[in-house]
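A.B. asks: take a look and give me a structure for this.
(2 chains)
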Amino acid sequence: MRRRHVLGAGLAIAVAGMAGSAMAQSEIKIGEINSYSLLPAFTEPYRKGWQLAVEEVNAAGGINGKKLVVISKDDGGKPADATTAANELVSSENVAMLTGTFLSNIGLAVSDFANQKKVFFLAAEPLTDAITWSKGNRYTFRLRPSNYMQAAMLVEEAAKLPAKRWATIAPNYEYGQSAVAVFKKLMSEKRPDIQWVDEQWPPQGKIDAGPVVQAVAAANPEAILNVTFGADLVKLVREGNTRGLFKSRAVVSFLTGEPEYLDPLKDETPEGWIVTGYPWYDIKTPDHDKFLKAYQAKFNDYPRLGSIVGYQTIKAAAAILTKANSTDPEKLIAATEGLTMPSPFGEITFRKIDHQSTLGAYVGKTALKDGKGVMVNSVYRKGADYLPSDAEVAKLRPKD
Amino acid sequence: MAFYFVQFLTGLASAASLFLVASGLSIIFGVTRIVNFAHGAFYMLGAYVAFTLTERFSGAFGFWGGIVVAALVVAVVGVLVEMVLLRRIYHAPELFQLLATFGLTLMVQDIVVLIWGPDDLLGRRAPGFKGAVDFFGQNIPSYDLFLIALSPIVLGGLWLLFQRTRWGVLVRAATQDRDMVAALGVNQKWLFTSVFALGVFLAALGGALQIPRDAVHHALDLRIIVEVFVVVVIGGLGSIIGAFVAAVLVSELNAFGILIFPKISIILVFLVMAVVLIIRPWGLFGKPEAAARRTPGLTVTPWRPLTSGERWILLGALALAAMLPLFAGNYALTVGSEIAIFVIFAASLHFLMSVGGLASFGHAAYFGLGAYGVAFLAKAAGLPMIVSLLLGPLLGLLGAAVFGFFAVQLSGVYFAMLTLAFAQIVWSIAFQWVAVTGGDNGILGVWPEKWAASPSAFYWLSLGIAALAVTVLRVIVFSPFGFALRATRDSPLRSEAIGIDGKRVQWTAFVISGTVAGIGGALFAYLKGSVFPDSLGISLSVDALVMVLLGGVETVSGAVIGAIVFKAANIWLVSQTDLSKLVLGGFIVLMVVAFPKGIVGTLEAIRNRWRSPEKKSALATSRIETAE
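C.D. replies: The predicted structure follows:
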């Protein structure tokens, strides 16, 4: 009796051990890095998004039969810590690829790390044009529509406005600077008759909104370009509303239609701003319906744009790994260049020429509905239509 | 004309918000000498609690009542913190309380997200102050006018409290001379607690009053804490009027500065502080600190070089560390390199703080300059790695030589804040000068050459340089120069009397310290492969302070242990948990309570108590001698 017990236990251990090693072989790991502690407003929905994607991928049989596992790390908003995390994921966890990142400088740090260590990196969120162009490298791909693409989408609408005197308000760091620069360049090409009468550069996260609003108003512009977001946007909108800055002025604004930034404005949402964003309540396509239902069923919450980015990042990673049927970085690159796949926003392609995906964005106008901010008259703009010509891109990107 | 007047009023409204918070900080510092890093956390808690209360209870009464109750609730939290935590460490070395309040700040950042969720929250507008007043076609928000009116009322109230009540007399007396007040039989415990409560109440009130014009979110504390410190220092520590004038000065300069230089906001307060401190070393309304009655060195067991036995033990430890590549993987080795680099950085600051008696709040400047030096040489000039490593730190040396010259003219917290101002100026140059430094996108592709590229080679390189740097610093401590530096720290008057040029000695120490920090930064650039303005930033300076304090500021090389413990805990926690700030903050608070002299300091104290009792009596006589 006793002996049988021992035997049984031994057998159980042996089986468990075999299962363990078999598990390791039947898994594919992805390393994911983001600023979870610094930017929870964006990264919490983002995390939910990729969790949903992992569940769906594994329910559908995983990566060619292997289970997909995502190992996620926090970078605390610091590029140096992101490199440490990337190193841990690659060296200790042996992940097949790196994904994620939000801030542009962190995206660039990880992209440079990937280039140096020859690891595949799918940047999820960082908007800087540098990551695919001036500092692009063969190991790095990017999912979200870049600064340039979003500026081009907004310029298309802004150029139709009669306004000739423009002022800009943007956070004083690379994202704000390059957003304004691209917008100005594209806008001046389409409308040589406009004038730039004022620019304000509050420090990111530290806007002293009263004086900024007052200074812009003093320049008496007919239209305003805004690039601030998050808490800065809230302060700007509140001061601007009280001081009447937005009255009878057109406003064009980056990212403001994203639920992350629009929802906190509640009943103080300014109406009629031309924005890029994500009107999840208004999108009636089968692809999006499927995503929305699954997301709401799992989390009992509505998706933010971060959810889409997280979801699509892991979906794309799974598609790449499935197509490559290997974890060799060179094969992954070959599989990704030109890869076309569905997304909640419709079909997207990873371009061979600059490794940018053609995921687009919704452009619409802000409005108030039942005391909440919403986007109305939204139209989906395909990313592919708002990129410069291949000849220009080739000039922007260093040769591999 | 109307525009300029309205812009002036707008500046005043910003000043009012700053002043409320700054006055609390100034009061706390004046009496308890605590550098209360958690002041911003209390400000943020005030905003969050007020948000909850004003959402729950509507109407004018609900709103204003909610604001006041929120400030009171947070003040009670402050009292608890003071009684449970800070009371235990008033007798710890100077600045040690900074460590405890830093730990608290980290915890609060995670706690508010746990309680109130990650989204930005929009508070209600104040009933009766929702609109704007028309002034010759310009709109002034009526809430701004309310704030403008409130701050002189608070100022007046505080003045009455301090001038016309017995409690105020005691507080002023304690601000001037704590020991004398204690000698006269005043219960310091309750005096400190009540002062802390008042200070926290003002911070929380400042936060609560922001909810009609701001968003409530988990980064509010960091946004305000540094700025408030700067305002307090510009005004002169402990001076409420000074804080008021400084708040107005800074806010008005910002309001009008952005009309001419829209990018000025990012650096303005630090520029103002640097200028004020160079012209008036004690701030606008501060008084020179009376010569310290207590010699700081007195609490220290006299330093001695290591015995030969201890040297062998340390060599053994180093040899053990050098064997890490035999059994550890690539990741562990890279973490090991990072820890070694931070040992260099912390040791350099420790040298300045413990031997020189000069606590720098901006030491990352020299670390970062070293990193940028390497990046320029390797990327722009294309120099080989060895040459870049040797020459890169010279940029740190240069920075330390220039800024150190001005900084050593000051002492104490003013010295600390001037170094912070310089560091922020360097940071903003790196941040803004996109053409040269790449701005916040940094300089990429600074990777080590082949011979140092493998993790084990780089680990040995970092470990070797760290061992060398710590040894050299120790040799300097026990050299004649080291003795002169300690003499200047312990008694400026006596050391001057025997012919030591104190400022010059301190300046030299500053340059040595900055250069060593630069060496750390140079290695860091190669370790990470890229350089960003972060490496010059406040949070890195604070990390270095934490490492030194954790190790023990009154030891010869405690920072080595402090750096290893802090960096290892930090990297491990960030990798293991999403609540790394909560756990790390809790860990720091526990360490503070368990090791009130820092890890090495407390262990040494225990060992000394163990040892022969004669030594104790020798110490006692020296104590009597110096207390004359």
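
A.B. asks: can you give me the neighbour number for the closest residue to chain B within chain A?
C.D. replies: Closest residue of chain A to chain B, C-beta to the nearest C-beta: residue A:40 (3.2 Å). All C-beta atoms are positioned from the backbone trio N, CA, C, and that covers glycine. When neighbours are defined as other C-beta atoms under 10 Å in any protein chain shown, residue A:40 has 21 of them.

A.B. asks: can you check residue A:302 too?
C.D. replies: 14.

A.B. asks: name the SS class of it, please.
C.D. replies: What DSSP: H, G, I helix; E, B strand; the rest coil gives for residue A:302 is coil.

A.B. asks: you'd agree it is up against residue A:308?
C.D. replies: No: with contact defined as C-beta atoms under 8 Å, residue A:302 does not reach residue A:308; the gap is 11.6 Å.

A.B. asks: still on that earlier bit, give the contact list for the residue of chain A closest to chain B.
C.D. replies: B:113, B:118, B:218 (C-beta atoms under 8 Å, 6 or more residues apart in numbering or on different chains).

A.B. asks: residue B:305 now?
C.D. replies: B:474, B:478.

A.B. asks: now residue B:66: how far from residue B:115?
C.D. replies: 17 Å (C-beta to C-beta, to the nearest Å).

A.B. asks: out of those two, which sits in the busier spot?
C.D. replies: Set side by side, residue B:66 and residue B:115 show more neighbours around residue B:66, with 24 against 11, by other C-beta under 10 Å.

A.B. asks: tell me the buried residues in stretch B:592-602?
C.D. replies: B:592, B:595, B:596, B:597, B:598, B:599, B:600, B:601, B:602 (16 or more other C-beta atoms under 10 Å in any protein chain shown).

A.B. asks: tell me how far it lies from the chain's centre.
C.D. replies: 19 Å (C-alpha atoms, centre = their mean, to the nearest Å).

A.B. asks: next: stretch B:257-265.
C.D. replies: 27 Å.

A.B. asks: residues in contact with that stretch?
C.D. replies: A:172, A:198-203, A:206, A:208, A:211-212, A:215, A:218, B:7, B:254, B:268, B:432.

A.B. asks: tell me which of these fall in helices.
C.D. replies: Secondary structure defined by DSSP state H assigns A:211, A:212, A:215, A:218, B:7, B:254, B:268, B:432 of the contacts of stretch B:257-265 to helices.

A.B. asks: Throw those residues into TSV and include distance to residue A:30, neighbour count and pLDDT, thanks.
C.D. replies: As requested, the ones in helices among the contacts of stretch B:257-265 are exported to TSV (distance: C-beta to C-beta, whole Å; neighbours: other C-beta atoms under 10 Å in any protein chain shown; pLDDT from 0 to 100):
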residue	distance to residue A:30	neighbour count	pLDDT
A:211	46	28	92
A:212	42	27	95
A:215	47	23	93
A:218	51	17	92
B:7	52	21	91
B:254	45	22	91
B:268	44	22	89
B:432	37	20	87
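
A.B. asks: residues in contact with the helix or strand hosting residue B:600: which ones?
C.D. replies: Here residue B:600 sits within helix B:599-610, counting by DSSP states H and E. Helix B:599-610 has contacts (C-beta under 8 Å, 6+ apart) with B:93, B:301, B:550-555, B:557-558, B:561-562, B:565, B:591, B:594-597, B:615-616.

A.B. asks: give the buried subset of the residues you listed as a ChimeraX selection command.
C.D. replies: The ChimeraX selection below is limited to those of those classed as buried (16+ other C-beta under 10 Å):
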select /B:93,550,551,552,553,554,555,557,558,561,562,565,591,595,596,597
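
A.B. asks: where exactly do the helices run in the stretch 501-628 of chain B?
C.D. replies: B:502-528, B:538-551, B:558-576, B:580-594, B:599-610, B:613-626 (DSSP state H, counting those that start in this stretch).

A.B. asks: any chance of these in CSV, plus mean pLDDT?
C.D. replies: As requested, the helices of the stretch 501-628 of chain B are exported to CSV (pLDDT from 0 to 100):
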stretch, mean pLDDT
helix B:502-528, 96
helix B:538-551, 91
helix B:558-576, 91
helix B:580-594, 89
helix B:599-610, 84
helix B:613-626, 43
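
A.B. asks: and of those, who's closest to residue A:51?
C.D. replies: With respect to residue A:51, and counting by C-beta to C-beta, the nearest of the helices of the stretch 501-628 of chain B is helix B:558-576 at 18.8 Å.

A.B. asks: give the buried residues for that closest one.
C.D. replies: Under 16+ other C-beta under 10 Å, the buried positions of helix B:558-576 are B:558-567, B:569-571, B:573-575.

A.B. asks: which residues in the chain form strands?
C.D. replies: Since you didn't name a chain, this refers to chain A. Taking DSSP state E as the test, the strands found in chain A are A:27-34, A:67-74, A:97-100, A:121-123, A:140-142, A:165-169, A:195-200, A:223-226, A:250-257, A:274-277, A:340-341, A:348-349, A:361-369, A:372-381.

A.B. asks: wait, I meant chain B there
C.D. replies: B:121-122, B:132-135, B:138-141, B:215-216, B:443-444, B:530-531.

A.B. asks: residue A:263 is nearest to which of those strands?
C.D. replies: Of these, nearest to residue A:263 by C-beta to C-beta is strand B:121-122, at 9.0 Å.

A.B. asks: can you list the strands that the closest one pairs with?
C.D. replies: strand B:215-216 (antiparallel) (DSSP bridges).

A.B. asks: and residue B:202, what is it in contact with?
C.D. replies: Residue B:202 neighbours (C-beta under 8 Å, 6+ apart): B:20, B:21, B:23, B:24, B:27, B:71, B:154.

A.B. asks: most neighbours among those residues, which one is it?
C.D. replies: residue B:24 (33 neighbours).

A.B. asks: and that one, what pLDDT?
C.D. replies: The score at residue B:24 is 93. That number is its pLDDT.

A.B. asks: okay, it and residue B:85: tell me how far apart.
C.D. replies: 18 Å.

A.B. asks: ok, residue B:506 next?
C.D. replies: Distance from residue B:506 to residue B:85, by C-beta to C-beta: 33 Å.

A.B. asks: before we move on, the earlier item: just give me the closest of the buried residues of stretch B:592-602 to chain A.
C.D. replies: For the buried residues of stretch B:592-602, the nearest to chain A is residue B:592 (21.9 Å; C-beta to the nearest C-beta).

A.B. asks: give me the neighbour count for the nearest residue to the closest one once chain neighbours are set aside.
C.D. replies: Spatial nearest neighbour of residue B:592, excluding adjacent residues (C-beta to C-beta, 6 or more residues apart in numbering or on different chains): residue B:100 at 4.4 Å. Neighbour count of residue B:100, defined by other C-beta under 10 Å: 27.

A.B. asks: residue B:100: what's it in contact with?
C.D. replies: Neighbours of residue B:100 in contact, by C-beta under 8 Å, 6+ apart: B:85, B:86, B:89, B:588, B:589, B:592.

A.B. asks: please apply the same query to residue A:28.
C.D. replies: Contacts of residue A:28 by C-beta under 8 Å, 6+ apart are A:62, A:63, A:66, A:67, A:68, A:69, A:96, A:321, A:327.

A.B. asks: what about 6 Å?
C.D. replies: The contact partners of residue A:28, by C-beta atoms under 6 Å, 6 or more residues apart in numbering or on different chains, come to A:63, A:66, A:68, A:96, A:321.

A.B. asks: looking at the strands of chain B, which is buried most?
C.D. replies: strand B:530-531 (a mean of 30; mean count of other C-beta atoms under 10 Å in any protein chain shown).

A.B. asks: need the residues that contact that one.
C.D. replies: Counting by C-beta under 6 Å, 6+ apart, A:109, A:112, B:371, B:372, B:375, B:442, B:443, B:444, B:525 sit against strand B:530-531.

A.B. asks: so the fourth one versus chain A, what's the distance?
C.D. replies: Here residue B:372 is placed at a distance of 14 Å from chain A (C-beta to the nearest C-beta, to the nearest Å).

A.B. asks: my read: residue A:148 touches residue A:181, true?
C.D. replies: No: using C-beta atoms under 6 Å, residue A:148 is not in contact with residue A:181, being 9.9 Å away.
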